[in-house]
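Peer 1: Curious how this folds, go ahead:
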Amino acid sequence: MSILASVAGQWLLKAGALKLGRVDASNFVSHVFGMITIPELLAGLTCYALGAIVYILVLTRVKLSVAGPGVALVYVFSLLIGYFVFRESIPLSRLVGLGLIICGVILVIWKS
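Peer 2: From the prediction side, this is the model:
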């Protein structure tokens, strides 16, 4: 649940950021205040908060050395959402990195 909430948060934050528009030095302050008017940004922050709460509850039952690397799966899902939803390209180097993350998570959570 923590991973799903975090991924949903990232998706909503990206959708909100696209509505917000590009930030530069001349519009920084107005963009910061404008963030509270974009529902996707508020929903994304809420998802992150829920993800953090669930993660804290997970930590009461699971070792940090297992739970922490498991959160790396957020990167996998974020990359997939970027590709399928936002039509972002995925270079070969990123695919290799994604594969390494997946292998690393499997090795960490594997029970002998």
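Peer 1: Give the helix, strand or coil label for A25.
Peer 2: coil (DSSP: H, G, I helix; E, B strand; the rest coil).
Peer 1: helix/strand/coil for the residue lying closest to K14 once chain neighbours are set aside?
Peer 2: Leaving aside its sequence neighbours, K14 sits nearest to F86 (CB to CB, 6 or more residues apart in numbering; 6.3 Å). C-beta coordinates here come from the backbone N, C-alpha and C atoms, glycine included. Per three-state DSSP, the secondary structure class of F86 is coil.
Peer 1: Would you mind identifying the helix or strand in the protein with the lowest mean pLDDT?
Peer 2: Of all helical and strand segments in the chain, the minimum by mean pLDDT, DSSP states H and E falls on helix 64-70, at a mean of 85.
Peer 1: buried ones in it?
Peer 2: By neighbour count with 16 or more other CB atoms under 10 Å, helix 64-70 contains the buried residues 67, 69-70.
Peer 1: ok, now stretch 89-109?
Peer 2: Neighbour counts over stretch 89-109 (16+ other CB under 10 Å) mark 101, 105 as buried.
Peer 1: Send over the longest helix seen in the chain as CSV, restricted to the C-alpha atoms.
Peer 2: Scanning the chain for the helix with the most residues, using DSSP state H, yields helix 39-59. What follows is helix 39-59, C-alpha atoms only, in CSV (Å, rounded to 0.1, in the frame of the first residue of the first chain):
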residue,chain,number,x,y,z
PRO,A,39,-6.1,19.7,-7.2
GLU,A,40,-3.7,17.1,-8.6
LEU,A,41,-0.8,18.6,-6.6
LEU,A,42,-2.9,18.5,-3.4
ALA,A,43,-4.0,15.0,-4.1
GLY,A,44,-0.4,14.0,-4.8
LEU,A,45,0.8,15.4,-1.5
THR,A,46,-2.0,13.6,0.3
CYS,A,47,-1.0,10.3,-1.4
TYR,A,48,2.6,10.8,-0.2
ALA,A,49,1.4,11.4,3.3
LEU,A,50,-0.7,8.3,3.3
GLY,A,51,2.2,6.3,1.9
ALA,A,52,4.4,7.6,4.7
ILE,A,53,1.9,6.6,7.3
VAL,A,54,1.5,3.1,5.9
TYR,A,55,5.3,2.8,5.6
ILE,A,56,5.7,3.6,9.3
LEU,A,57,3.1,0.9,10.1
VAL,A,58,5.1,-1.5,7.9
LEU,A,59,8.3,-0.7,9.8
